[in-house]
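K.L.:
pasting a predicted model and its sequence here:
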Amino acid sequence: MSVLYETLVEFANGETTANRVNFFDSEGIVRVTRVNEKNLGKSLVYLNFDYEDYIKLFIPDDGYNNTYLINVAFSNSGYYGGHIFIDSYTVDNDWDEGYGLQFFNDENLGKVKEILTFLRPELSDSDLRDASGENIVEISNFLRQEFDDEIDGIIYEYTDYYDSALVEGMKQYVKERFCGKLMNFGIIEKRCGSVYMTTVSTLISLWDKSGVGEDGTLTEVLKTIIEQNDLQFDEDLFEDYYSFYDSKNFDDEGYNRGIGRQLDKILNKIEEGDNFEKYKKNADLYEKLSKLKYNKFNRWYEFPKQKSFGEESDDRFKIVGIKDGKIHVQRQDGPTTNEFLDYENFLNFLYHPELF
């Protein structure tokens with residue numbers, strides 16, 4: 001007969017003391033803290049677990065593959081270092097495929113558009129929130145090519161915040177699977193994985209119902225009850241880890257602060273660089289084209305009919321880009337099909353195409 005079980009029965013029958021119950025628990029889990037003199041079976045018992053031992057109550061004997069992640073879930077964030085589910089290499093590929101801009105806030109997307117207006121005006125009217133949209137891959141690769149250090153910083157920021165969101169979701173999931181599970185057996189949870197309350201009679205009753213036998217231990221009793229009630233945890237937490245993501249766990253504000261700092265570095269490089277005046281001309285030209293509503297690149301425009309001496313024409317033109325302070329235009333018909341024009345000549349081209 002288990003010494004603990006025998007002592008619990010003797011205590012309930014008034015044949016021994018609470019101190020002897022505490023003393024004869026070889027596992028160091030049971031502590032009778034308040035004796036009910038009128039009904040000894042209702043005396044309060046505290047169960048104190050090392051959380052790793054508590055977790056093992058739920059793990060099948062043939063496997064314990066989630067040790068590290070469960071330890072992370074029940075410990076402070078300082079328990080682990082680095083990233084758990086994703087790394088910078090994974091996010092690096094996502095960036096190259098055009099998915100890096102989807103969590104940028106409006107302010108940071110505005111900074112990206114400002115950068116493009118200086119360097120690649122023909123891309124600045126793109127929908128930056130559409131990861132599958134036109135030009136997004138080209139924009140992502142261009143920014144990486146020109147500003148590798150800053151883009152690496154952005155990739156690390158995203159990796160850090162996204163992995164943290166996954167870890168937080170995993171913690172919540174794990175605790176849902178391990179916490180509050182003993183309540184239906186008359187064991188009150190004070191602190192998940194470590195502190196529980198029950199009574200002497202409840203422990204004796206669980207022992208008898210488990211079928212473990214009087215020679216068993218309290219750990220064996222609880223583990224058996226958990227198995228009998230299909231509460232075991234036999235999942236692989238690394239499998240389908242993306243399901244742990246919840247946007248509420250993603251620190252969007254902190255992430256965008258970090259992104260903003262990297263984009264500010266890029267803008268400072270542009271403004272302090274030797275070619276800033278040339279880039280400024282590009283931006284000014286794009287602003288003028290926007291006012292004329294000709295800021296959509298690589299699409300065909302018709303010439304204004306009222307400026308062609310009253311003669312209708314099927315001729316069209318498109319703006320390919322802006323480079324070195326000039327507008328690169330292509331004409332569908334006519335003697336000139338490909339030219340770089342300053343703004344004044346562009347107006348002449350626009351309103352008097354017959355002169356070109």
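P.N.:
Perfect, thanks for sending it.

K.L.:
what about F250, distance to L119?
P.N.:
30 Å (Cβ to Cβ, to the nearest Å). C-beta coordinates here come from the backbone N, C-alpha and C atoms, glycine included.

K.L.:
show me where pLDDT drops low in this structure?
P.N.:
Low-confidence segments of the chain (pLDDT under 70): 1-2, 62-65, 76-80, 306-313, 334-337.

K.L.:
tell me the domain ranges of it?
P.N.:
Taking automatic domain parsing as the reference, the chain has its domains at 3-48+182-228, 88-171+249-269, 285-355.

K.L.:
any idea which of those gets closest to I59?
P.N.:
domain 3-48+182-228 (8.9 Å; Cβ to Cβ).

K.L.:
ok, back up a step: dump the domains of the chain into a markdown table; add distance to A73 as well.
P.N.:
A markdown table is the format used below for these (distance: least, Cβ to Cβ, whole Å):
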| stretch | distance to A73 |
| --- | --- |
| domain 3-48+182-228 | 9 |
| domain 88-171+249-269 | 4 |
| domain 285-355 | 51 |
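
K.L.:
dump these into TSV; add mean neighbour count and distance to E239 as well.
P.N.:
Formatted as TSV, the domains of the chain follow (neighbours: other Cβ atoms under 10 Å; distance: least, Cβ to Cβ, whole Å):
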stretch	mean neighbour count	distance to E239
domain 3-48+182-228	17	22
domain 88-171+249-269	18	12
domain 285-355	15	45
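
K.L.:
pull the longest strand from the chain.
P.N.:
strand 316-323 (DSSP state E).

K.L.:
could you list the paired strands of that strand along with their orientation?
P.N.:
strand 301-302 (antiparallel), strand 326-331 (antiparallel) (DSSP bridges).

K.L.:
so who does E138 touch?
P.N.:
L123 (Cβ atoms under 8 Å, 6 or more residues apart in numbering).

K.L.:
tell me if it really is in a strand.
P.N.:
No: going by DSSP: H, G, I helix; E, B strand; the rest coil, the assignment for E138 is helix, not a strand.

K.L.:
what separation is there between it and R144?
P.N.:
11 Å.

K.L.:
doesn't N184 fall inside a helix?
P.N.:
Yes: with three-state DSSP as the criterion, N184 is part of a helix.

K.L.:
so where do the helices sit in the stretch 151-300 of the chain?
P.N.:
200-210, 218-228, 252-272, 276-291 (DSSP state H, counting those that start in this stretch).

K.L.:
would you turn those into a markdown table with distance to I327?
P.N.:
Output for the helices of the stretch 151-300 of the chain, formatted as a markdown table (distance: least, Cβ to Cβ, whole Å):
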| stretch | distance to I327 |
| --- | --- |
| helix 200-210 | 83 |
| helix 218-228 | 74 |
| helix 252-272 | 20 |
| helix 276-291 | 6 |
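
K.L.:
nearest to I188, of those helices?
P.N.:
The nearest among the helices of the stretch 151-300 of the chain, by Cβ to Cβ, is helix 200-210 at 9.8 Å.

K.L.:
from the chain's centre, how far out does that closest one sit?
P.N.:
Using Cα atoms, centre = their mean, to the nearest Å, the mean C-alpha position of helix 200-210 is found 44 Å from that of the whole chain.

K.L.:
which residues are in contact with that helix?
P.N.:
Contacts for helix 200-210 (Cβ under 8 Å, 6+ apart): 5, 8-9, 11-12, 21, 30, 32, 40-43, 45, 185-187, 214, 216, 218, 220-222, 224-225, 228.

K.L.:
next, the angle helix 218-228 makes with that helix.
P.N.:
Going by axes from the mean of the first three to the mean of the last three Cα atoms, to 10 degrees, helix 200-210 is angled at 60 degrees with respect to helix 218-228.

K.L.:
format the CA atom coordinates belonging to helix 200-210 as PDB.
P.N.:
Provided in PDB are the C-alpha atoms of helix 200-210 (Å, rounded to 0.1, in the frame of the first residue of the first chain):
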ATOM      1  CA  VAL A 200      -8.400  15.000   1.600                       C
ATOM      2  CA  SER A 201     -11.600  13.200   0.600                       C
ATOM      3  CA  THR A 202     -11.200  14.200  -3.000                       C
ATOM      4  CA  LEU A 203      -7.700  12.800  -3.200                       C
ATOM      5  CA  ILE A 204      -8.800   9.500  -1.700                       C
ATOM      6  CA  SER A 205     -11.800   9.400  -4.100                       C
ATOM      7  CA  LEU A 206      -9.700  10.100  -7.200                       C
ATOM      8  CA  TRP A 207      -7.200   7.400  -6.000                       C
ATOM      9  CA  ASP A 208     -10.000   4.900  -5.800                       C
ATOM     10  CA  LYS A 209     -11.600   5.800  -9.100                       C
ATOM     11  CA  SER A 210      -8.400   5.800 -11.000                       C
END
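
K.L.:
give me the contacts around stretch 56-73.
P.N.:
Under Cβ under 8 Å, 6+ apart, the answer for stretch 56-73 is 52, 55, 79-80, 84, 167, 170-171, 174-175, 177-178, 181, 219, 222-223, 226-227, 231-238.

K.L.:
can you give me the strands for the chain?
P.N.:
30-34, 44-48, 188-191, 195-199, 301-302, 316-323, 326-331, 338-341.

K.L.:
select, out of these, the one closest to E150.
P.N.:
Closest among the strands of the chain, using Cβ to Cβ: strand 316-323, at 23.1 Å.

K.L.:
what's the end-to-end length of stretch 329-349?
P.N.:
10 Å (Cα to Cα, to the nearest Å).

K.L.:
which other residues reach it?
P.N.:
Counting by Cβ under 8 Å, 6+ apart, 285, 288, 300, 314-320, 323-328, 353, 355-356 sit against stretch 329-349.
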